[in-house]
Structures are given as C-alpha cells and as structure tokens.
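[1] Everything below, folded, please.
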Amino acid sequence: MIRKFIDKLLGKPAAGDKPAAGAKGARIPLGKRVEVPAAEHGIDPTLLDERAIRVVTTLQDAGYEAYIVGGAVRDLLVGRRPKDFDVATNATPEQVKGLFRRAFIIGRRFRIVHVIHGRGRDHEVIEVSTFRAYMDAAAAEQVEGNEKTSKDEMAGKSHVVDASGRVLRDNVWGPQVEDAARRDFTVNGMYYDPRSQIVVDYHHGLKDAKAKTLRMIGDPETRYREDPVRIVRVIRFAAKLGFTIEPKTLKPLRTMSNLLANVPASRLFDEMIKLLQTGHALASLAELKKQGLDRGVFPVLEAVLANAPDGSAREKFVHLALADTDRRVAEGKAVAPSFMLACMLWHDVESKAVKLREQGEHPMPALSQAIDAVFDARIGDISGRGKLATDMREIWLMQPRFERRHGNSPYGLVEQPRFRAGFDFLRLRADAGEVPVDLAEWWEDFSLGTDAEREALIEAVRETSRPKRGGGGPGPRRAAAAPATAVAAPAEGDEPADEAPAGAEEGGDAPRKRRRRRRKPSGNRGGADAGGAPQPVPSPGHDVD
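    Got it, this is the predicted structure:
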C-alpha cells in the first residue's frame, strides 16, 4: 500500500493501472541539474525587472527557493528584454500570499499567485508558481468530460486528465527537477537566480537557445496530448524568436492538431491574440501556413484567410493592419485586441451591411445589424466579449461619421473617447485605398488644429461642395438631382440659403446665391482653451482602453 502511494507521488503507474486513452505512458526524463555561471550564459542584469527581483529576494529571505523562470530566462539569454517576468518557488500558494501585501491566488487548473506592484495603468503583475511534480497521464485521475462538464468530478482532486490525456488539473507540488521536466520546451525549462546570477539548466536549454532550436522536453506526442495548446505555442515561439523547430518536435504537429478541438474556445482565442500581438503577427501567419495549420485551428483566422486571396483588397487591408500592429509593438506602444479584430472582420461587416441595404434597410441600422451578426458568428461566447464587442462596435460605427464634415459633427466626433482608435482605422482604410487619402489627412489636421484652423477646414469642405457659378457647373435643378453623397448636408446652425428667384430663364446667368451666415458657436466646441489653443487630443495609436 505504501509502495503504491509512493509510486503515485513519483508519477509511476501502479500495477494493473490503465493509461489514459492515447497516452504512451512514457515518463519524461528528469534530466540532471547543471548550474551555469554568469561568465558562460552572459545574461545582462540591466535587462531584469526590479519588481521581479524584489519578489525573488523576498521569497529567498523567507527561507524558500525562488527563481525567475521560463520565457523570461529564454529572452534574457538571447539578449531580449522580457515583456513578462514569472517566478517559480517551492513555497505553496498560501505561503507566497502571506509574504506580500497585494497578492491573490488565482486559477483552478493551475493554482498560482499574482503579486501586484503599482496601481492603474502603471501596475505590473509578477506571476508566482509553485514547483509542480511531474505525473504522467497514467498516474492521474481520469474523467470523461472536460473542464465544464466534469466540474463536480474534479472537485477536491489535484491531478486530472480527460479521455485523450489532456491535463485538466495540475496542482501536485514537487521538487524543482520535476517542475523542469513538466515544462514544454528545453529553452523554457531554465531557472535564473538574480542574486547569484546562476542559470539552472536540466535539459540542455542553454545549448538549444544558442543554437536557436525549439525542442520538446520528453516525447512530443505525449506532451502535445497533455496540452494541445503547445501546438500553437511552438508556432508562436518559432515566429517570435526566429528559432527552428527540431524535427521530432515538428513531426506530429499537423497530425495532432485535431486535439485542439478539445481546448476551450476562450483559451484558444487567447492564444490567437498572443500569436498576433507579440510583434510578429505576419511571421506567425507565415509559420502557420508553412506548417499547414492555417485551417481548422482558429475560426476567426480561418474565415479571414479563406476570404482574403493574395492580391485582394481584403488581403491588403489585413496585411497593413497586422504590419501596423507589429510596428507599434516594436516601438513599445500599446496595442488592443479589439482594434486588430475590428480590422480582420471589417470586410465581413461591410459586405453584410451592403446586403441589408440592398434589401431596403437604412444605412446605420444595416451597419448595426451587420456588426451583431458578424460578432456572434466569428467571436461567439468568450470571456471578456462584452468590452471587446463595445470597442469594436464603436470603431466600426465611427466610420460613416467621418464622412460628415459639416456643422457640429466634426467637433462632437473628435471628442469621442475612442476617436483615436476610429481615426487609426480610417487611416488604414485610406492606406488600403478604400477611402480617399485626403479624408484621413483632413481629420488628422482637424484633430490637431486650433479653433481657427478647424473653422477654416470646415469652410473649405463647404466651399468644395457648392456648385460652381457660370456655365461650367450644374444649374440649380441639376444640383438638386445630384446624388446625396456628392453634396454636403446643411451644416448644423447654418441658415438656409435664399432660393433661386422665380422665373429665371434656363440657359441664362445662374442666379446669384447669398452666402450662408454661420451662427457664432456657443461654448467651447473645438476642444480649445480660452486662449484658442487646442486641448491635447489622445496620443496617436489604437489604444482603446
């Protein structure tokens, strides 16, 4: 009985136990601890985050082991400043929480602690995980369903897998050597102590990092079954780091991609966002196509790529949007998933709105109905969809309003909280040739102009919309028959122009029209201070938070 308990703790299958469906039962090699000094690994200490160091040293001072771990170590080894810093320790989540004033235990599948520094937009989260024991699928408790359908069965259990061997819960604590074995790739399985500046390496991760190679720890098929999202992660890391996927790690990718169907839609959606917002969106798409994973993995991406053949207007627009996202990430600017998704799904919305207008629906209701239909079809029910839907809707609904450049409309639009996101979207449409470049330039000048400059810009639009005098321009009757889009609507606050005198003979001199008298605007519409200087507009970019 004792022997069986020890075997279970070590992840060894007991006699008579049946492995989970699809699992080979092959145990991951634990590896050998190697301590690499600073002179050999060459990590630049100036790339470290002070708050991550503080978390590590606080844990160490309390008598626990603690290291910076995973992707942060990998990025440091290749000379990159990590975006996020994770910490691993032998302290339990409860022990970690007790050491920090603002710390919260989160997660069910993996219980971890978020240690929060700062407040508001400047806050930073250091994720702290406890060393986990490696237990293969044969040692875990198996359920027939998934995270949602088997909640009651998983209650109180620490290590659970589904019928395919996918890990649903992994909260069995263990030594560092096993924690390293259960990580995915060798380059992600290293630990760095900022005090001693030593890198702890169990699986030759340093060698693979220098060779720019992505290699799975253990048997790739077994590891993909444990967590099919690793199929996506290997694509993302290859694109982001420019690494080559080791042949054994690469071989099962396409054949095992069907396992992604078992992954919750919300988690897969988050992985798609990471794939496209890490500054290497175009490279990630190219890698997906190269490995044959551009179909059947991400429904949103599949819909976009299927309807965006090479050389099409949609392909050009999506390419520009992703290139713009890559540029902003490279410049250290914030990017919002709502903006990127609004770009990817814009042509679906537009084509649906056109069909509704052809069926007799008015333009704005048609656009609103199209937005609802496309969002429900492409995004569906995912975590956080409420804010995502609101931001995307505002960007889309703002586009027709950019066509109205008269009266109070421009003043109201430029003061909208999401104006900058909507304008960036308009700018991309102009770059793609969907709208005139002059329109985007006019709005940029208006948003940055003084009161006087804004009045001049509106007057210039008004002048260009007036019919020319003399025989060269259309007469009053012809102007009245012209399409509505060719004539600017009367500006709000303008007095109507005098009508043409009765009895004017056709072919004679065009009747002289009196200039419209514009009422003096009341209040400060243009966003300027009392001295006429414009107030600051939101910083450029598609930040929509």
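[2] can you give me the strands in this protein?
    Remark: strands assigned in the chain by DSSP state E are 34-36, 66-69, 86-89, 103-106, 112-117, 124-130, 141-142, 159-161, 167-170, 190-193, 198-201, 213-214, 244-245.
[3] Go through the fourth one and flag the buried ones.
    So the one you mean is strand 103-106. Within strand 103-106, the residues scored as buried using 16 or more other CB atoms under 10 Å are residue 103. Every residue, glycine included, has its C-beta placed from N, CA and C.
[4] helices and strands around that strand, which ones?
    Contact here means 3 or more CB pairs under 8 Å, 6 or more residues apart in numbering; DSSP states H and E; on that basis strand 103-106 packs against helix 93-97, strand 112-117.
[5] got CSV for these, with mean pLDDT and mean neighbour count too?
    Listed next are these as CSV, based on pLDDT from 0 to 100; neighbours: other CB atoms under 10 Å:
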stretch, mean pLDDT, mean neighbour count
helix 93-97, 95, 18
strand 112-117, 93, 20
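[6] Rebuild these as a markdown table, extending it with distance to residue 28.
    A markdown table is the format used below for the helices and strands packed on strand 103-106 (distance: least, CB to CB, whole Å):
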| stretch | distance to residue 28 |
| --- | --- |
| helix 93-97 | 24 |
| strand 112-117 | 21 |
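[7] looking at these, which is closest to residue 236?
    Closest approach to residue 236 among those (CB to CB): strand 112-117, 20.6 Å.
[8] which intervals of the stretch 351-500 of the chain have sub-threshold pLDDT?
    381-385, 468-500 (pLDDT under 70).
[9] In the stretch 101-250 of the chain, what residue spans correspond to helices?
    Taking DSSP state H, counting those that start in this stretch as the test, the helices found in the stretch 101-250 of the chain are 151-154, 176-181, 205-210, 220-226, 230-241, 247-250.
[10] And the third one, how far out from the chain middle?
    Translated: helix 205-210. Per CA atoms, centre = their mean, to the nearest Å, the displacement of helix 205-210 from the mean C-alpha position of its chain is 29 Å.
[11] Reformat the strands of the chain as JSON lines; add distance to residue 56.
    Below are the strands of the chain laid out as JSON lines (distance: least, CB to CB, whole Å):
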{"stretch": "strand 34-36", "distance to residue 56": "16"}
{"stretch": "strand 66-69", "distance to residue 56": "5"}
{"stretch": "strand 86-89", "distance to residue 56": "6"}
{"stretch": "strand 103-106", "distance to residue 56": "14"}
{"stretch": "strand 112-117", "distance to residue 56": "11"}
{"stretch": "strand 124-130", "distance to residue 56": "9"}
{"stretch": "strand 141-142", "distance to residue 56": "34"}
{"stretch": "strand 159-161", "distance to residue 56": "27"}
{"stretch": "strand 167-170", "distance to residue 56": "23"}
{"stretch": "strand 190-193", "distance to residue 56": "7"}
{"stretch": "strand 198-201", "distance to residue 56": "12"}
{"stretch": "strand 213-214", "distance to residue 56": "26"}
{"stretch": "strand 244-245", "distance to residue 56": "31"}
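[12] hey, which of those is tucked in deepest?
    Mean neighbour count (mean count of other CB atoms under 10 Å) peaks for strand 66-69 among those, with a mean of 26.
[13] Rounded mean pLDDT for it, please.
    Per-region confidence: strand 66-69 scores 97 on mean pLDDT.
[14] which other residues reach that strand?
    With contacts defined as CB atoms under 8 Å, 6 or more residues apart in numbering, strand 66-69 is touched by 48, 52, 55-57, 59-60, 76, 85-89, 91, 129, 190-194, 200.
[15] Centre of the chain to that strand, how far?
    27 Å.
[16] who's in contact with residue 180?
    Residue 180 neighbours (CB under 8 Å, 6+ apart): 30, 31, 189, 190, 191, 200, 202, 203, 217.
[17] let's go with 6 Å and repeat that
    Going by CB atoms under 6 Å, 6 or more residues apart in numbering, residue 180 touches 189, 202.
[18] what pLDDT does it get?
    At residue 180, pLDDT is 94.
[19] Same question for residue 108.
    In this model, residue 108 carries a pLDDT of 70.
[20] what sits against the nearest residue to residue 32 once chain neighbours are set aside?
    Take residue 32 and drop its neighbours on the chain: the residue closest to it by CB to CB, 6 or more residues apart in numbering is residue 202, 6.5 Å away. Shown in contact with residue 202 (CB under 6 Å, 6+ apart): 31, 33, 180.
[21] give the contact list for the first one.
    Taking CB under 6 Å, 6+ apart as the contact definition, residue 31 lies against 202, 203.
[22] mind checking how far it is from residue 133?
    15 Å (CB to CB, to the nearest Å).
[23] same question, the last one
    Between residue 180 and residue 133 the computed distance is 11 Å (CB to CB).
[24] and if you look at the second one?
    The spacing between residue 33 and residue 133, counted by CB to CB, is 16 Å.
[25] between these two, which one's more packed in?
    Remark: of residue 33 and residue 133, residue 133 carries more neighbours, 21 against 12, as counted by other CB atoms under 10 Å.
[26] The more buried one and residue 174 touch, don't they?
    Yes - applying CB atoms under 6 Å, one finds residue 133 in contact with residue 174, separated by 2.7 Å.
[27] separation between the residue nearest to residue 32 and residue 447?
    For residue 202 relative to residue 447 (CB to CB), the value is 55 Å.
[28] And residue 240, by the same measure?
    Distance from residue 240 to residue 447, by CB to CB: 34 Å.
[29] now residue 319
    In terms of CB to CB, residue 319 sits 26 Å off from residue 447.
[30] what do you get for residue 402?
    Taken as CB to CB, the span from residue 402 to residue 447 is 11 Å.
[31] And for residue 34?
    57 Å.
[32] got it, and residue 118?
    As judged by CB to CB, residue 118 and residue 447 stand 31 Å apart.
[33] Looking at those two, which one has more neighbours?
    Between residue 118 and residue 447, residue 447 has the larger neighbour count (other CB under 10 Å), namely 20 against 11.
[34] got any ranges where the stretch 51-200 of the chain has weak pLDDT?
    Checking the stretch 51-200 of the chain against pLDDT under 70 turns up 109, 120-122, 135-171.
[35] ok, back up a step: looking at the strands of the chain, which is nearest to residue 363?
    Across the strands of the chain, closest to residue 363 is strand 124-130 (CB to CB), at 43.5 Å.
[36] Please enumerate residues in contact with the closest one?
    Here strand 124-130 has contacts from 51-52, 55, 85-88, 92, 96, 112-118, 173, using CB under 6 Å, 6+ apart.
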